[in-house]
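# fold the following, please.
(chains A and B)
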Amino acid sequence: MTPALAPTDAAAQRSVIDGRADRGFRWLVTAAGVFVLLSLLGAAFSMFWGGREAFATFGLKFLYTDVWDPVNHQFGALVPIYGTLVTALIAMLIAVPVSFGIALFLTEVAPPWLRTPVGSAIELLAGIPSIIYGMWGLFVFVPVMGTHIIPFLSAHLGNLPLVGTLFSGPPLGIGMLTAGIVLAIMVIPFIASVMREVFLTVPTRLKESAYALGSSTWEVAWDIVLPYTRSAVIGGVFLGLGRALGETMAVTFVLGNAHQLTASLLMPGNSIAATIANEFTEADSEIYLSSLVALGFLLFIVTFIVLAIAKLMLMRLARREGQA
Amino acid sequence: MSRADMLYLRRRATNAMALGLAAAATLFGLFWLVWILWTTLSNGIAALKPSLFLQMTPPPGADGGLANAFFGSAAMSLIAIAMGTPVGVLAGTFLAEYARRRALGEAIRFINDILLSAPSIVLGLFVYTLVVKPAGHFSGWAGAIALAFIVLPVVVRTTDEMLQLVPSQMREAALSLGVPQWKVTVQVLYRSALPGILTGVLLALARITGETAPLLFTALNNQFWSHDLAAPMASVPVVVFQYAMSPYDSWHALAWAGAFVVTLFVLATSLVARAVLARKKVSND
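Have a look, this model is predicted:
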């Protein structure tokens, strides 16, 4: 009888071991998943904790005063917040139409043999490290801006009412307009690749129906493709906006690091990320350091909201796709 | 000419103009790509010499190279990959295999996607408060940890996606043979998703090689050769940043050389990553 018992015994033992290993593995992967969740919460909390001294000292005034005075320990975040928003806005004004054009070209206009190489080339732009954009911006693009583009803008737009204030100032080359343009070049590949991907999800029968009714390519793109993918296109734009708001190195090179509030786009300014990058290792007092961490917290919250909107918008199209 | 003809002509004209603008937008994008790559290439090659990889970062005016920075970048990147990959693969496994259609899984996927695009400088600040401040000094470890937080979401995302692509027949076949689930995951699913996961790791490597912001206040910088991870450590992007912002021509040349090598490495790595994934696609068909 014993030889018959042995395998059963071994099998029972084995199933106990397997069960234990299974539970252990499940526990391990769950822990790793929760770790991802915790790392984001931890980042938010640690920055809030690091910035608490600044929030406690300056209160809401931290958000709307423009003093940045390390000597007298007075800090207000208005200048960096303003610079971040303005540069990101300029970037989006340039990048959104260009990205739409690229996506349209790659999905509807270009001959098929051209689509893959051009698409890959545009995506190469996304792979270039941001510090390269910064160096190119500082050494190559800033001189071009300073000698050609800014004098041209000042001469032709600087004297107009209202718009004139935006384009008046010395031709320094560095400044918020330059930073906005460099940011636009950086986010174009991100927005364009999202748009291209979602344009490809439009059912062919929808487009063919429109063509059969006599639509032109542009009418199909504007009246069929764009409405069908609207939420995902907005998602892609917000994804780009999230990048533009948080980009550090490229902006640090070309923005000028000047704590001043000016209406002119041609003047140097500052952004949240550039302020942190420039001043963090030089912060010599607790409140200085705390103010910089508080700036990081603000940036984190804003990008979190923008990226969350982006994600929700992208999910809306994906869900409809799933149902169809 | 009748009104219908006018309308027809106007629609034709609008169409031609819109499509022309789309082509112009593409040229606009390619124009910057070529300009930036050309600048990096010409300036970088001009400054390239063997001493770049053999000598230490010099004081202003003196000759030197970036050997310590290359070593620091390589060391911190590899440690970051070694830390981020296992956690990322396990978390991706959780999302794809254990948490499908569960609220926790959806929440983690959502957070991970946000982490993927979060500003890297914010992660640097996080690691500063987590590691540098308690330790009291900057260190190579802190830099590696900051980079690991950038590796993590990339690996989680690709592992999740690649495991979801594995046909469920494979799981069912293995499970019906009585293989426990962890063995199915490790010995069947990982093997099938390996090229995809490898692509994710390579993409993560490409991304952290050029990262500057999270290293500025974690690893800081070091003018000398140092393999002590508990001490501040040089890295190529930080040195490039410091040298490019300086007023010295010799430092500018070194910065261009460093920038060139980093760009070359990043682009080559992402090309290899694509090639790995493309081969996998062919073999599946």
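# give me the contact status of stretch B:128-135 with chain A.
Yes: remark: stretch B:128-135 sits within contact range of chain A at B:Tyr128, B:Thr129, B:Leu130, by C-beta under 8 Å from any C-beta of the partner chain. (Glycine included, C-beta is placed from N, CA and C.)
# and the closest residue to the second one other than its chain neighbours, how close does it get to B:Arg100?
Excluding the flanking residues, the one nearest B:Thr129 by C-beta to C-beta, 6 or more residues apart in numbering or on different chains is A:Ser46, at 4.3 Å. Relative to B:Arg100, A:Ser46 is positioned 31 Å away (C-beta to C-beta, to the nearest Å).
# and B:Ala91, by the same measure?
In this structure, B:Ala91 lies at 14 Å from B:Arg100, with C-beta to C-beta as the measure.
# which one of those two has more residues nearby?
Taking neighbours as other C-beta atoms under 10 Å in any protein chain shown, B:Ala91 and B:Arg100 compare with B:Ala91 leading, 30 against 10.
# for the more buried one, give me its contacts.
A:Val29, A:Ala32, A:Gly33, A:Phe35, A:Val36, B:Ile108, B:Asn112, B:Leu152, B:Val156, B:Thr159 (C-beta atoms under 8 Å, 6 or more residues apart in numbering or on different chains).
# once you drop chain neighbours, what's closest to it?
Excluding the flanking residues, the one nearest B:Ala91 by C-beta to C-beta, 6+ apart is A:Ala32, at 4.0 Å.
# hang on, the one you found packs against B:Val87?
Yes: contact between A:Ala32 and B:Val87 holds when scored by C-beta atoms under 8 Å: they sit 5.2 Å apart.
# which residues in the stretch 51-200 of chain B form helices?
Listed in chain order, the helices found in the stretch 51-200 of chain B under DSSP state H, counting those that start in this stretch are B:51-54, B:67-93, B:103-117, B:120-127, B:133-135, B:140-165, B:168-176, B:181-183, B:190-209.
# cool, and the stretch 51-200 of chain A?
Here the stretch 51-200 of chain A has its helices, by DSSP H, counting those that start in this stretch, at A:52-58, A:61-64, A:78-104, A:112-127, A:130-136, A:142-144, A:150-157, A:163-166, A:176-199.
# quickly check: stretch A:69-87 near chain B or not.
No: contact of stretch A:69-87 with chain B is not found when judged by C-beta under 8 Å from any C-beta; the minimum separation is 10.5 Å.
# straight-line length of that stretch, end to end?
23 Å (C-alpha to C-alpha, to the nearest Å).
# burial of the residue of the stretch 51-200 of chain B found nearest chain A, as a residue count?
Nearest to chain A, among the residues of the stretch 51-200 of chain B, is B:Pro119, at 2.5 Å (C-beta to the nearest C-beta). By the criterion of other C-beta under 10 Å, B:Pro119 has 25 neighbours.
# and for the one 5 residues further on?
By the measure other C-beta under 10 Å, the count of residues near B:Gly124 is 30.
# burial measure for A:Leu239, as a count.
What A:Leu239 shows, counting by other C-beta under 10 Å, is a neighbour count of 25.
# name the helix or strand for the closest residue to it other than its chain neighbours, please.
Nearest non-adjacent residue to A:Leu239, counting by C-beta to C-beta, 6+ apart: A:Ala310, 4.4 Å away. A:Ala310 is part of helix A:286-323 when elements are defined by DSSP states H and E.
# from the contacts of B:Ala91, pick the one nearest A:Gly164.
When those are compared for distance to A:Gly164 (C-beta to C-beta), B:Asn112 comes out closest, at 46.7 Å.
# now do the same contact list for the residue lying closest to A:Leu78 once chain neighbours are set aside.
When the adjacent residues along the chain are set aside, A:Leu78 lies closest to A:Asp66, with 4.2 Å between them (C-beta to C-beta, 6+ apart). If a contact means C-beta under 8 Å, 6+ apart, then A:Asp66 has A:Gly76, A:Leu78, A:Val79, A:His259, A:Leu261 as its contacts.
# likewise for B:Ser139?
B:Ser139 makes contact with B:Val131, B:Val132, B:Thr218, B:Ala219, B:Leu229, B:Ala230, B:Ala231, B:Pro232, B:Met233 under the criterion C-beta under 8 Å, 6+ apart.
# what about the residue nearest to A:Leu239, how many neighbours?
24.
# same deal with B:Ala206?
Neighbour count of B:Ala206, defined by other C-beta under 10 Å: 22.
# and the nearest residue to it once chain neighbours are set aside, what element?
Excluding its sequence neighbours, the residue lying closest to B:Ala206 (C-beta to C-beta, 6+ apart) is B:Thr269, at 4.1 Å. In this assignment (DSSP H and E), B:Thr269 forms part of helix B:249-284.
# now the angle from that helix to helix B:67-93?
Counting by axes from the mean of the first three to the mean of the last three C-alpha atoms, to 10 degrees, helix B:249-284 lies at 30 degrees to helix B:67-93.
# what helices or strands is helix B:249-284 leaning on?
Contacting helix B:249-284 under the criterion 3 or more C-beta pairs under 8 Å, 6 or more residues apart in numbering or on different chains; DSSP states H and E are the following elements: helix A:112-127, helix A:130-136, helix B:3-47, helix B:51-54, helix B:190-209, helix B:236-244.
# change it to 10 Å
Under the contact criterion of 3 or more C-beta pairs under 10 Å, 6 or more residues apart in numbering or on different chains; DSSP states H and E, the helices and strands touching helix B:249-284 comprise helix A:112-127, helix A:130-136, helix B:3-47, helix B:51-54, helix B:67-93, helix B:140-165, helix B:190-209, helix B:236-244.
# how about the contacts made by the residue positioned nearest the centre of chain B?
Using C-alpha atoms, centre = their mean, the residue of chain B that lies closest to the mean C-alpha position is B:Arg207, 1.4 Å off. Residues in contact with B:Arg207 (C-beta atoms under 10 Å, 6 or more residues apart in numbering or on different chains) are A:Gly127, A:Pro129, B:Ser77, B:Leu116, B:Ser120, B:Leu147, B:Ile150, B:Val151, B:Val154, B:Val266, B:Thr269, B:Ser270.
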